[in-house]
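K.L.:
A predicted structure for the sequence below; I have some questions about it.
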Amino acid sequence: MVSGTGTGAGVPASFTGKIESLRSFVLAGTQSRREFLGRVTAGLVLPTLLQTISSASPKQTTLIVAMTQGQLRTLDPDDAYEGGWWFMLGKALYDQLYTYRGASLTRIVNNLVTTSDVSTDGLTYVFNLNPKVRFSNGAPATADDLVFSFHRFLNLKGPGTFLLDGVKSIEKTGPQQIKLTLQSVNTALYSILTSPSINIVNASEIRAHGGTDQADAAKADTAGPYLDAHSAGSGPFVLDSWVRRSQLVLKRNPNYWGTPASVEQIIIKFADEPSTQRDLLIRGDAHIAFNLTPDMIAEFDSNKTSNIGVVRTEALATAALQLNVVNNPALGKPANWEAIRYAIDYDGLRSLYRGGGSPTASLVPPGLPGALPMREAVRQDVGKAKAALARAGNPDGFKFVLTVSTNEASGGVPSPVLAQKLAADLAQVGIQATLRPMLVSQSLTESRAGKLEGYLHGWSADYPHWSNYLEPFAPGGSVSLKRNGWRADASPEAAKIAELTKQALNTLDPRKQLPLVQDAQRMLNRYGPYAWLFDVYLQFAVRKDIVKYVAVNPIFWVDFQSLAMA
Amino acid sequence: MNYLVRRLLLLVPVVFGVTVIVFGVSHALPVDPVVAVIGEQAAEHPQIVAAYRARWSLNKPLPEQYVAFIGNALHGDLGVSLSSHRPVVQDLRDYFPATAELSVCSILITIVVAIPLGIVAAVFRGRPVDIVIRAGTLTGASVPVFWAALAALSIFYVHLGLAPGPGRLDTMDVPPPAVTGLYTVDSLLSGRLSTFFDALHHLMLPAIVLSGVTVGLLTRIMRTSMLAVLNQDYLRTARSKGAPRRRVVFRHALPNAAIPVITVVGLVFGELLSGAVLTETIFGWPGIGRYAYEAATVADFPAILGVAMLVAFAYLAVNFVVDLAYFAIDPRTREAVG
């Protein structure tokens, strides 16, 4: 056994510390100083700057957040899996083995775990649980609770279950210790264990309300309704109430074992319409608005005298044009993929997404280790596009159907608008993209069945690790093969990308692993049936006179525990 | 009475027909509901997808799914929503009262405003008051509801502060214990007067916005209907015999002119009960319209069927009441059906 990678928890204590940790995180991703400054000015440190704003008014203790209810369908911690909605709430209500602090995603810190060990073959992990951890009802959290939590999560067979693919067993090895055994090496395990879908829950409380961790849990477990109305965790907040489509109320956990949150109550007011959220914010009936349009955000951004500011963070989502290589003969030629990539006016896309995104050089977003530096980004080059078309034997271009989801947006840009821009760019080199609109549910169904030609579907993180991007998009990966028909044996280049990806997945040492990841992406940029359009950002509007400090994070969106009010 | 019984019995084939059509059309769409509601990664895992299909019986043949649905529906079970993971009946119980409360308020405003306006416009046909009413109602009927809702919220909530914000209650107010699901009624039942006034206050702006279109429509129909009746020979006779105008209008003309108006009120009310997606969205109103819209976008078949059945019932119930109103107002109707 050798020591695990988890480190002691620690939020930088000072403003300087935050800037320094942010700087080291950004520079670690092989990015230039200019890029770093760009990202800083893009707003990642704005939350911290809000700290400097003071107010003479009495301290507020209730935070009101306006957001859509989105895909939030359950608050059962072992069944919920709805991107940021649940991740934000799950982090507030429950505890995970590991976590990220503040805005950084480069440093995984201990949360439930005090120490951990991993075997030299990378297959066996031992986690020692912090004995101080208490559930909100005051009961101590033990290894029994953790084993119950893992088993219930797996046996409910909810949408997040895939996170623990390859886990062979989870056993209690002591009152505060568990052993997790893998079938094969998983380089992303620590990152996965930060997911708010993998929590510790109060086993006795959940059992008392019909919960079970047995193999038949998917049918026999009846604790869902209870957990929609009560939390059974050890997080900094407890669930007070949830009136669906109206509002959800969290209260500070009086028995929290860590540093208590400074906010006493959080009310999440569900409002689907962006203008409604803006109205609530302007009137002061909401302090943070999550789902404003790029226009609204730009308006608040440009008005520096307003008491409403904008905070941004990467969404860890990459807006992408994907091409199926078997449904249209022209799209079966790699040179035509290259022509499409070079025909796109990436700089022109900025006028669409504005603050809602930034250029990206790779599938792995710039904020994650393994991303390519911006100097390697594909740029528009009409000459190269035409040359590639000639090489493909289509000097006058070709036609293909570009499917667009009418009810989907990336970085606030509606997909139909993005598709029109791309079609105009492609037309410049003679490629005719015929737009085919449909609902996102239909386009997802058809793309997953491999029935489309070209389509706009981005990719976002289930956990912040390069493997969550590269593995599915490498030739023969789940996305490349099923949706786009791109096999690992399609060409020598495809075989090389697949091999590099496999090597990276089996390499535990980050110093050797990340160059492999980058090499695979360089080849993917050159030989793959994809165009990475931009890195999607999340943008929130915040009442600066009410919210003194807010840390935004691509995974958890807002960290309520560290949030401070004026 | 036989006629009314026949109308009630007609409910059965109509609701059955609605379920067949909605079930058939829903499943004809090239959408896999499981793929639509689980994440990208989960959709690539056959085990997770299979568990979902089994949980919602989507792995069974369509006729078998339909028979099971009908069998369960007869026992009051409309299945479990794919997107909310709750029984559809529970979802409908939560969301329909919000829509019903808004619809009742809106239709009351419509009736109270539109009928007098229509009568006045007809009686003073061609005069300035008629022109003003016609212009006003035409404008009301022409303004898109979503625009009116956005403008109303911006003016009366944001700028003037006269109206409350979106939602059914103030953020810090707690919903009354659910009995009917109608906050105005439940707050009175629980003796919470402040919540009653809060709920009523929140109802006013969306109800007025919703009634903008319906007032325009109903006023014009009332006016047209009144004009048609006022030109009848028997009213000319009444006027020539010296009957006062008030008596001519309200006693002789109005009951006859009201028949088409009642029909339209029934249709409008039925439509309101099926939910107003845009108004509900802008006012943060957790009603059936938004629920239905979201169910449709993710092919949540149980929810879609549940809403379709509820809306069918609502329409039929309203039309049944309209039939009763015909009987009450017009003796010829009673004679016609024996």
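P.N.:
Received it, and whenever you're ready, just let me know what you need.
K.L.:
in the stretch 301-450 of chain A, which spans are strands?
P.N.:
A:308-323, A:357-358, A:399-405, A:409-410, A:413-414, A:432-438 (DSSP state E, counting those that start in this stretch).
K.L.:
sec struct for the residue nearest to A:Gly90 when sequence neighbours are not counted, please.
P.N.:
Once flanking residues are discounted, A:Gly90 sits nearest to A:Pro196: 2.7 Å by CB to CB, 6 or more residues apart in numbering or on different chains. Any C-beta I mention is one placed from the backbone N, CA and C, and that applies to glycine too. Under DSSP: H, G, I helix; E, B strand; the rest coil, A:Pro196 falls in the coil class.
K.L.:
ok, back up a step: which one of the strands of the stretch 301-450 of chain A lies nearest to chain B?
P.N.:
Nearest to chain B among the strands of the stretch 301-450 of chain A is strand A:432-438; the distance by CB to the nearest CB comes to 8.6 Å.
K.L.:
run the chain-centre distance for that closest one.
P.N.:
28 Å (CA atoms, centre = their mean, to the nearest Å).
K.L.:
so it versus strand A:399-405, what angle?
P.N.:
On the basis of axes from the mean of the first three to the mean of the last three CA atoms, to 10 degrees, strand A:432-438 is oriented at 30 degrees to strand A:399-405.
K.L.:
helix, strand, or coil at A:Ala541?
P.N.:
Assignment for A:Ala541 (three-state DSSP): strand.
K.L.:
hang on, it packs against A:Arg312?
P.N.:
No - counting by CB atoms under 8 Å, A:Ala541 stays clear of A:Arg312, with 10.5 Å between them.
K.L.:
looking at those two, which is more packed in?
P.N.:
Using other CB atoms under 10 Å in any protein chain shown, the more surrounded residue of A:Ala541 and A:Arg312 is A:Ala541, with 27 against 22.
K.L.:
look up the closest residue to that one, ignoring the ones flanking it.
P.N.:
Using CB to CB, 6+ apart, the nearest residue to A:Ala541 is A:Ala289, at 4.6 Å.
K.L.:
again with A:Asn553
P.N.:
A:Ala103 (5.5 Å).
K.L.:
same question for B:Val261.
P.N.:
B:Val261's closest residue in space is B:Met222 (CB to CB, 6+ apart), at 5.3 Å.
K.L.:
part of a helix, is that neighbour?
P.N.:
Yes - under three-state DSSP, B:Met222 sits within a helix.
K.L.:
wait, isn't it in contact with B:Gly118?
P.N.:
Yes - using CB under 8 Å, B:Met222 is in contact with B:Gly118, at 2.4 Å.
K.L.:
shared neighbours of these two, anything?
P.N.:
B:Val261 (CB atoms under 8 Å, 6 or more residues apart in numbering or on different chains).
K.L.:
more neighbours, those two?
P.N.:
B:Met222 (28 against 25).
K.L.:
quick check: phi and psi on whatever residue of the stretch 151-300 of chain B ends up closest to chain A?
P.N.:
Residue nearest to chain A within the stretch 151-300 of chain B: B:Pro286 (3.5 Å; CB to the nearest CB). According to degrees, to the nearest 10, the main-chain angles of B:Pro286 amount to phi -80, psi 70.
K.L.:
please name the nearest non-neighbouring residue to it.
P.N.:
Closest to B:Pro286 by CB to CB, 6+ apart is A:Arg245, at 3.5 Å.
K.L.:
the one you found sits in which helix or strand?
P.N.:
Per DSSP states H and E: A:Arg245 is located in neither a helix nor a strand.
K.L.:
was I right to think A:Trp459 contacts A:Gly477?
P.N.:
No - contact criterion CB under 8 Å: A:Trp459 and A:Gly477 do not qualify, at 11.3 Å.
K.L.:
which of the two has more neighbours?
P.N.:
A:Trp459 (24 against 21).
K.L.:
ok and the residue in the stretch 451-566 of chain A nearest chain B?
P.N.:
As assessed by CB to the nearest CB, chain B sits closest to A:Ser478 within the stretch 451-566 of chain A, at 4.2 Å.
K.L.:
if we can go back for a sec, the residue nearest to A:Gly90 against A:Leu97, yeah?
P.N.:
No - applying CB under 8 Å, one finds A:Pro196 not in contact with A:Leu97, separated by 11.2 Å.
K.L.:
this completes my enquiry, with thanks.
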